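Engineer: what follows is a protein structure lacking sequence information:
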DNA sequence: GTGGCACCTGGAGTCGGCTCCAGGTCAAGC
DNA sequence: GCTTGACCTGGAGCCGACTCCAGGTGCCAC
């Protein structure tokens, strides 16, 4: 206990919810920087890697494209002087998420009204369709 | 004025925001039932078609897959006796949208905390990075 | 010492959802 | 009567984001 933690691909997949293939894919395209290897050439993820993957998941799940995440990764790699750019990028994304939520709420309203419309149709003492109901087994 | 309204593909594209290709695609796969044609074989959309496209847009924009929309279209074509099923489908989707919004809000919180973290880093009287800043052109 | 397992690689394949294209038809305006 | 523009068709192509595969390595348990 207490030594520097290193996670196997399997553990990371388990923890982050990304598949092994996706982890390798992300490394290939440069969304993850090259992961450390053990003597046998197998990946050993650091806490930092896992933390970064948490960020990636967050961005991905809020609809950021890989291209944009790559941009963010690039900024992060470039060092401290890009922090303002990173804030700008994240703030823009935050606004995009806000818009996304607002749009969802609005469309959800329409769906709920449609549900209510159907409920109303059912509620009408529907003599018109009664025969159809009777024909049904 | 006052005759049965019929919209050209261009008008429908304009009104619904779907491209001409997408409208044709939706008809091909059966998400729209076959659209009426004029003498020259060109599509003339009815108010009903445009209304249905509005529903489709709503479902699509809230993340419903085409497969699921096809299921809904099928139910709708089958007639009045599927109304309960349609309510069930839409209610399930409504819940899915709710979950989606909740997830977005949660991830958005994480993003905002990250932004705050970066702001805090900038706020620190950063003697450590001052030299770097000075070296920069 | 042999089986099983977790991992490795490069490259090809898949899937959803469009989007584009070539070649053709009509109607209207000049 | 010819151009222009909006439309038509079937089919191919594209894009993003993975996902799968064949063939191979290293280690541990039995």
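Structural biologist: Thanks, I have the structure now. Nothing here was measured: the structure is a model prediction, and the numbers come from that model.

Engineer: and the host helix or strand of residue A:99 with helix B:83-123, angle?
Structural biologist: Per DSSP states H and E: residue A:99 is located in helix A:83-123. In terms of direction (axes from the mean of the first three to the mean of the last three CA atoms, to 10 degrees), helix A:83-123 departs from helix B:83-123 by 160 degrees.

Engineer: hmm, helix A:83-123 touching chain B?
Structural biologist: Yes: Helix A:83-123 lies within reach of chain B by CB under 8 Å from any CB of the partner chain, at A:83-84, A:86-87, A:90-91, A:93-94, A:97-98, A:100-101, A:103-105, A:107-108, A:110-112, A:114-115, A:118-119, A:121-122. No exception for glycine: its C-beta is placed from N, CA and C like everyone else's.

Engineer: which other helices and strands contact that helix?
Structural biologist: Under the contact criterion of 3 or more CB pairs under 8 Å, 6 or more residues apart in numbering or on different chains; DSSP states H and E, helix A:83-123 touches helix A:66-78, helix B:47-61, helix B:83-123.

Engineer: residue A:15 is nearest to which of the ones you listed?
Structural biologist: Of all these, it is helix B:83-123 that lies closest to residue A:15, at 15.8 Å by CB to CB.

Engineer: return the distance of the closest one from the chain's centre.
Structural biologist: On the basis of CA atoms, centre = their mean, to the nearest Å, helix B:83-123 sits 16 Å off its chain's mean C-alpha point.

Engineer: next, the angle from it to helix B:66-78.
Structural biologist: 150 degrees.

Engineer: skip the chain neighbours and tell me the closest residue to the residue nearest the centre of chain A.
Structural biologist: The centre of chain A sits closest to residue A:61, judged by CA atoms, centre = their mean, with a distance of 1.4 Å. Among residues not flanking residue A:61 along the chain, residue B:107 sits closest, at 5.4 Å (CB to CB, 6 or more residues apart in numbering or on different chains).

Engineer: near that neighbour, how many other residues are there?
Structural biologist: Neighbours of residue B:107 under the rule other CB atoms under 10 Å in any protein chain shown: 18.

Engineer: and for the one 3 residues further on?
Structural biologist: Residue B:110 has 16 neighbouring residues, counting by other CB under 10 Å.

Engineer: got any ranges where chain A has weak pLDDT?
Structural biologist: Residue ranges of chain A with pLDDT under 70: A:1-3, A:125-137.

Engineer: residue A:84 and residue B:122 touch, don't they?
Structural biologist: Yes: using CB atoms under 8 Å, residue A:84 is in contact with residue B:122, at 7.1 Å.

Engineer: and stretch A:95-106, does that touch DNA strand D?
Structural biologist: No: counting by CB under 7 Å from any atom of the strand, DNA strand D is not contacted by stretch A:95-106; separation bottoms out at 13.3 Å.

Engineer: show the contacting residues for whichever residue of chain A sits closest to DNA strand D.
Structural biologist: Relative to DNA strand D, the nearest point of chain A is residue A:66 (3.1 Å; CB to the nearest atom of the strand). Neighbouring residues of residue A:66 by CB atoms under 8 Å, 6 or more residues apart in numbering or on different chains: A:29, A:31, A:60.
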